[in-house]
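[1] Here is a sequence with its predicted model. Questions after.
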Amino acid sequence: MDNKNIKFTVVTCTYNAAQVLQTTLDSVRRQTWRNVEHIIMDGRSADSTVSVAEAYKAESDACGCGHEVIVVSEPDKGLYDAMNKSLKRATGDYVVFLNAGDAYPSSSTLEDIAASVKPGEELPAVLYGDTDLVDINGQFVAHRRLTPPERLTWRSFRHGMLVCHQAFYARTDIARSEPYNLQYRYSADVDWCIRIMKRAARERLELRNVNKVLVNYLAEGMTTANHRASLKERFRVMCVHYGTLSTVFMHLWFAVRALLRH
């Protein structure tokens with residue numbers, strides 16, 4: 001495929017996200033890459049989220065920037081169900097999930113990602129990169145503690161989620177065949193990324209590091225109860241995929257350290 005024809009599907013799942021959504025929408029609209037589909041999948045918000053999204057769609061349609069904006073608002077069974085519904089609608093070559101409050105670090109981010117694909121080559125299964133943490137005002141807080149390796153494999157996540165979900169661009173055909181497991185409430189994204197990478201290994205497809213910061217991630221606090229539940233669930237995910245005692249105990253050690261720091 002000619003890398004100039006790569007189409008990106010950006011998915012933003014929302015629920016009562018009006019206060020933080022505009023930052024995300026503005027950062028997508030500013031992307032200089034024209035071949036973009038932006039799906040806003042709303043869970044029937046009670047605030048002005050849908051109005052904000054609809055105004056963004058109207059502005060995007062009028063500007064002639066080449067972006068197609070799709071706004072859907074309907075009940076769902078939670079975040080990962082909304083993501084699965086978005087995967088069914090996605091028509092891009094790659095799909096990424098950009099949460100409300102998160103943003104692209106520059107107007108050329110999608111252009112940089114597309115440029116990492118060589119003309120005429122088979123599309124890598126995953127394009128990935130780095131993450132910066134920002135506050136509610138978009139100000140830099142820190143580089144993400146876990147950083148992606150130059151050579152990523154499905155085994156890499158034994159040491160934690162080295163690539164942020166929002167910096168993980170999966171080929172849509174593969175992503176659609178590996179939907180999120182709704183049995184997980186907090187860590188279906190970890191499980192999904194590992195399964196995508198396993199699929200890539202089976203099909204001998206590359207996982208490629210773009211070697212750039214691909215997302216400014218809104219650093220939000222998680223309640224202690226949810227943090228504990230998330231760690232326990234992630235432990236289950238690691239057991240499913242890695243299984244060996246040494247790996248399990250290694251991940252448990254990382255989880256305990258993270259809990260003590262929280």
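    Structure received. Residues are numbered from 1 along each chain as shown.

[2] hey, let's count contacts and neighbours off CA atoms from now on
    Will do.

[3] my read: Y186 touches E233, true?
    Yes: the pair Y186 / E233 is scored as a contact, 6.9 Å apart, by C-alpha atoms under 8 Å.

[4] Where do the helices of the stretch 101-250 of the chain begin and end?
    Secondary structure of the stretch 101-250 of the chain (DSSP state H, counting those that start in this stretch): helices at 109-115, 172-177, 188-202, 224-241, 245-261.

[5] which outside residues touch the third one?
    Outside of helix 188-202, the residues that reach it under the criterion C-alpha atoms under 8 Å, 6 or more residues apart in numbering are 80, 125-126, 153-154, 157, 161, 165, 168, 170, 174-175, 178-182, 206-207, 234, 237, 241.

[6] one more time with 6 Å, if that's ok
    125, 154, 180-181 (C-alpha atoms under 6 Å, 6 or more residues apart in numbering).

[7] mind listing what's buried in it?
    Residues of helix 188-202 classed as buried: 188-200 (neighbour count, 16 or more other C-alpha atoms under 10 Å).

[8] Next step: the contacts of helix 188-202 restricted to strands.
    Counting by DSSP state E, none of the members of those fall within strands.

[9] Mark which of those are buried, thanks.
    By 16+ other C-alpha under 10 Å, the contacts of helix 188-202 give 125, 154, 180 as buried.

[10] In TSV, list the residues you listed along with pLDDT and distance to V213.
    As requested, those are exported to TSV (pLDDT from 0 to 100; distance: C-alpha to C-alpha, whole Å):
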residue	pLDDT	distance to V213
A125	98	19
W154	97	21
Y180	98	25
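
[11] by contact count, what packs against the biggest strand by length in the chain?
    Longest strand in the chain, counting residues (DSSP E): strand 207-218. On a contact count with 3 or more C-alpha pairs under 6 Å, 6 or more residues apart in numbering; DSSP states H and E, strand 207-218 meets strand 126-134.

[12] if you average pLDDT over the strand it packs on, what comes out?
    Averaged across strand 126-134, pLDDT comes to 97.

[13] Which elements pack onto it?
    strand 140-143, strand 168-171, strand 207-218.

[14] And the ones you listed, which one averages the lowest pLDDT?
    Among the helices and strands packed on strand 126-134, strand 140-143 scores lowest, at a mean of 94.

[15] Can I get that strand in CSV, CA atoms only?
    The C-alpha trace of strand 140-143 is given here as CSV (Å, rounded to 0.1, in the frame of the first residue of the first chain):
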residue,chain,number,x,y,z
PHE,A,140,3.3,18.5,30.6
VAL,A,141,3.6,16.5,33.9
ALA,A,142,6.0,13.7,33.1
HIS,A,143,7.1,11.2,30.5
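
[16] Contacts for that strand next, please.
    With C-alpha under 6 Å, 6+ apart, strand 140-143 has contacts from 132-134.
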